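S.K.: Pasting the sequence and the predicted model now:
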Amino acid sequence: MCIFCEIIKGNIPSKKIYEDDNTLAILDISQATKGHTLILPKKHYANMLEIDDNDLKNVISTAKKVTNMINTAYKPLGFNILNNCGEAAGQTVMHYHVHVIPRYADDKLVLKFEDNSNKFDLDQIAKDITK
Ligand code: AMP
Ligand code: ZN
């Protein structure tokens with residue numbers, strides 16, 4: 001069984017922040033920044049390509065609640081709310097989850113997108129994806 005399913009079953013300890021019938025929010029063991037939290041559906045789905053729409057809505061709704069909870073507790077300057085889909089994208093636990101990462105002035109976390117638009121034809125890409 002996957003490590004997050006073990007946590008959901010209570011077989012592995014975790015720091016629970018929020019729980020309802022369909023979702024669980026736990027502190028990420030790595031704490032990229034103070035309050036870094038993971039939102040998990042209780043049902044196992046590997047990733048965004050597999051998760052049921054209702055469970056995805058449940059997870060996002062819990063992510064909003066948890067973002068508000070962290071905001072009240074720590075008043076960070078902002079948040080990164082993200083999901084890694086697939087090993088190539090940095091996913092290490094193959095049970096769908098959303099990271100809620102509060103941001104602080106001195107947190108030294110680097111999440112940066114390069115501008116690669118000069119390498120691509122946006123019209124062609126829009127055609128490819130929507131055909
Ligand atoms: P990802 O790389 O997007 O799949 O994220 C997986 C996250 O799970 C990482 O940030 C890990 O620090 C976190 N993690 C792994 N094992 C545990 C655990 N037992 N309890 C809490 N977080 C964990
Ligand atoms: Zn699982």
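M.R.: Yep, that arrived. Numbers count the residues shown, from 1 in each chain. Ligands and ions are numbered 1, 2, ... in the order given.
S.K.: C-alpha from now on. contacts and neighbour counts both.
M.R.: Will do.
S.K.: Just the buried residues of stretch 63-79, please?
M.R.: For stretch 63-79, burial by neighbour count (16 or more other CA atoms under 10 Å) applies to 63, 66, 67, 70, 71, 76, 79.
S.K.: As CSV, the residues you listed with distance to ligand 2 would be great.
M.R.: CSV is the format used below for the buried residues of stretch 63-79 (distance: CA to the ion, whole Å):
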residue, distance to ligand 2
63, 18
66, 21
67, 23
70, 25
71, 28
76, 30
79, 25
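S.K.: what's the farthest-apart pair in those residues?
M.R.: Within the buried residues of stretch 63-79, two members stand farthest from each other by CA to CA: 63 and 76, at 15.6 Å.
S.K.: what's the next secondary structure element after the longest helix seen in the chain?
M.R.: Using DSSP state H, we find that the single longest helix of the chain is helix 53-74. Where DSSP states H and E defines the elements, the next helix or strand beyond helix 53-74 is strand 78-82.
S.K.: Perfect, that will be all.
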